[in-house]
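Enquirer: Return atomic coordinates for the entry below.
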Amino acid sequence: MKLFTEHTQQQGVSYMEHLVFAVGIAVRLFSSAIIFILHGIFPFVDIRKDLDLEATRNYLDEQNEWIEGMKENKSAAISI
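Expert: Okay, the predicted model is just below:
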C-alpha cells in the first residue's frame, strides 16, 4: 500500500487527486501531440489556439501552481 501513498503524501494530495492531476496532464499533452503530428503531416490542418505551444505551456504552469499550492497547504496544516 505504501507504493500508492508515499508519493501522494509527499505531494500533499490524495490518491484520487493525484490520479486526476496526472491523467489530466497526460490527456492534454497527448491531445497537443496528436494535433502537432497531424499538422506536421498535413500543414493545412490548423492547430487550435487552446492546444498550441503557448496555451499548453500556460496549462502546465497552472497545474504546477496547483500542485505547489497543495504542498504549501499541507505544510501550513502541519505547522498549526
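Enquirer: can you pull out the helices in the protein?
Expert: Here the chain has its helices, by DSSP state H, at 2-11, 15-41, 53-79.
Enquirer: which one of those lies closest to residue 47?
Expert: For residue 47, the closest of the helices of the chain is helix 15-41, at 5.4 Å, according to C-beta to C-beta. Heads up, the C-betas are built off the backbone N, CA and C, glycines and all.
Enquirer: list the buried ones in that closest one?
Expert: Under the neighbour-count criterion of 16 or more other C-beta atoms under 10 Å, helix 15-41 has 18, 21, 28, 32, 35, 36 buried.
Enquirer: Next, name the residue at the spatial heart of this protein.
Expert: Nearest to the geometric centre of the chain sits residue 25, at 3.3 Å (C-alpha atoms, centre = their mean).
Enquirer: contacting residues for that residue?
Expert: Shown in contact with residue 25 (C-beta atoms under 8 Å, 6 or more residues apart in numbering): 60, 63.
Enquirer: about what we covered before: got the buried residues of helix 15-41 as CSV, with pLDDT and distance to residue 63 columns?
Expert: Below are the buried residues of helix 15-41 laid out as CSV (pLDDT from 0 to 100; distance: C-beta to C-beta, whole Å):
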residue, pLDDT, distance to residue 63
18, 89, 12
21, 91, 7
28, 96, 8
32, 96, 13
35, 95, 19
36, 96, 19
